[in-house]
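> can you look at this prediction? I've put the sequence above it.
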Amino acid sequence: MFTGIIEAVGTIKAININAQGARLVIATNDLDMSDVKLGDSIATNGICLTVVDFSQQSYSADVSNETLKRTGFAGYNVGMQVNLEKAMLASTRFGGHIVSGHVDGVSEVLSIINNGNSIEYWLSMPNDLAHYIAEKGSVTVDGTSLTVNALSDNTADGKFRLTIVPHTVKETIFAHYQVGTKVNLEVDLVARYLERLLTKNNTAQTSLPQSNVTEALLQKAGFIK
């Protein structure tokens, strides 16, 4: 589990393609590796990857074909920079929102507009994810926890706006984004589970054992008045 607060910007040192997917080697740059162990998770551009080898300057991780298909990794090259965040601790200050590191889809930067001391980015909104994205709600872009500031719900041209302050630009890879850049998108985890609870099929409902708890029983027990 992650918070979406980027800890460092790393650099892809190597990409080795194999039948199962790929193995990446990431130079960690300013990321503190002193507490990293084999099997730990590091979000790499928002994708939860398992450390299979590491040093104080880099780590290696395997990427499955499924991950390559669902994320922007298929278009990554050696030398590209990536956002890095180690898995959160129980004592970690929760500065972002709940981020699982499971990417839902790929979005595209549509426009970049300077607005005072901030920069506005309009990103495409995939149709199958549009209903999860809400104005003033949270979204994760390449692992960065961000607030959606505006929406355009036109089915043919759905998009959303992010307003990025200078500190975020400095501490993440946003400075490298251009119109046409593809980014990994993870929608709010709570929204996904709420949809599942509200839309579960009738078969699942009818297969559950019938409860004998009634309103009258709750009143008698003193739980409600």
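Nice, thanks for sending it over.
> which helix in this structure has the most residues?
helix 189-199 (DSSP state H).
> CA atoms only for that one, dumped as PDB, please.
C-alpha atoms of helix 189-199 as PDB (Å, rounded to 0.1, in the frame of the first residue of the first chain):
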ATOM      1  CA  LEU A 189      -9.700   2.500  -4.400                       C
ATOM      2  CA  VAL A 190     -12.800   3.400  -2.300                       C
ATOM      3  CA  ALA A 191     -14.800   4.200  -5.400                       C
ATOM      4  CA  ARG A 192     -14.000   0.800  -6.900                       C
ATOM      5  CA  TYR A 193     -15.200  -1.200  -3.900                       C
ATOM      6  CA  LEU A 194     -18.300   0.900  -3.500                       C
ATOM      7  CA  GLU A 195     -19.300   0.100  -7.100                       C
ATOM      8  CA  ARG A 196     -18.700  -3.600  -6.400                       C
ATOM      9  CA  LEU A 197     -20.900  -3.500  -3.300                       C
ATOM     10  CA  LEU A 198     -23.700  -1.500  -5.000                       C
ATOM     11  CA  THR A 199     -23.800  -3.500  -8.300                       C
END
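> list the contacts of it.
Here helix 189-199 makes contact (C-beta atoms under 8 Å, 6 or more residues apart in numbering) with 98-100, 131-132, 134, 137. Backbone N, C-alpha and C define where each C-beta goes, glycine included.
> adding distance to residue 11 and secondary structure, write those out as CSV.
Below are these laid out as CSV (distance: C-beta to C-beta, whole Å; DSSP: H, G, I helix; E, B strand; the rest coil):
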residue, distance to residue 11, secondary structure
98, 28, coil
99, 22, strand
100, 25, coil
131, 36, helix
132, 31, helix
134, 34, coil
137, 31, coil
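> and those residues, which is closest to residue 48?
Of all the contacts of helix 189-199, residue 100 has the smallest distance to residue 48: 7.0 Å, by C-beta to C-beta.
> quick one on the thing from earlier: out of the contacts of helix 189-199, which is most surrounded?
Within those, most neighbours by other C-beta atoms under 10 Å means residue 99, with 25 neighbours.
> relative to residue 5, how far out is that residue?
Going from residue 99 to residue 5 by C-beta to C-beta, to the nearest Å gives 9 Å.
> one more: residue 138?
Relative to residue 5, and taking C-beta to C-beta, residue 138 is found at 12 Å.
> can you list residues touching both of the two?
96, 145.
> residue 144: which of the contacts of helix 189-199 is nearest?
Nearest to residue 144 among the contacts of helix 189-199, with distances taken as C-beta to C-beta, is residue 99, at 9.2 Å.
> thought that closest one was touching residue 3?
Yes - between residue 99 and residue 3 there is a contact under C-beta atoms under 8 Å: 6.3 Å.
> shared neighbours, these two?
With C-beta under 8 Å, 6+ apart, residue 99 and residue 3 have common neighbours residue 145.
> measure stretch 112-124 end to end?
Stretch 112-124 has an end-to-end distance of 12 Å (C-alpha to C-alpha, to the nearest Å).
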